[in-house]
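# mind folding the following:
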Amino acid sequence: MAARDDVEQWDFVVAASSDACLAAFYRAMNAKSAFNVRQAKWTLSVDGLTATAVYRGRGRLGGRLAALWPRRPEQESPAIARHLRMQVWHYDEVTGSSECSIWVAQDATSPNVGAAVAPFRSYMCEVESALRALDSGLRVTKE
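I've put the predicted structure just below:
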């Protein structure tokens, strides 16, 4: 599925346990190498069935390249401290399937994500790939 500029939440049905889904999120958030331009720095936490990744800026190579273009930090600053969250809503023991969602969390004090959505979308795609590795029949809805 092609990524759209207005995608903010992706819903999944995956043949895996809740723990496996949260572990896939964690792996995806750490998947990019230091030499990938899209690598980002995240602070990760898990609380029950919710995993949160707080954006802390570009990774090593991306940060160095961004320093060459003065406009980049201005575009990135709205993304700093934003959250990418994954919530496991339901695990069906009969089918062995979990329903979960990932989204860019908004708060009342931060402006719309706008141009700063790129690092989030890139990592949302990583989460989708990690979940697909658990279940090749993964069902995805992007809203």
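
# burial count for E93?
Using other Cβ atoms under 10 Å, E93 is surrounded by 7 other residues. To be clear about C-beta, it is placed using only N, CA and C from the backbone, and glycine gets the same treatment.

# that one and R82, how far apart?
34 Å (Cβ to Cβ, to the nearest Å).

# quick one: average pLDDT of the biggest helix by length in the chain?
For the chain, the helix reaching the highest residue count under DSSP state H is reported as helix 118-134. Averaging pLDDT along helix 118-134 yields 90.

# now do it: which elements does it pack against?
Helices and strands touching helix 118-134, by 3 or more Cβ pairs under 8 Å, 6 or more residues apart in numbering; DSSP states H and E, are strand 9-14, helix 18-29, strand 40-47, strand 50-58, strand 83-92, strand 97-105.

# show me what counts as buried in the fourth one.
Buried positions in strand 50-58, judged by neighbour count with 16 or more other Cβ atoms under 10 Å: 51-55, 57-58.
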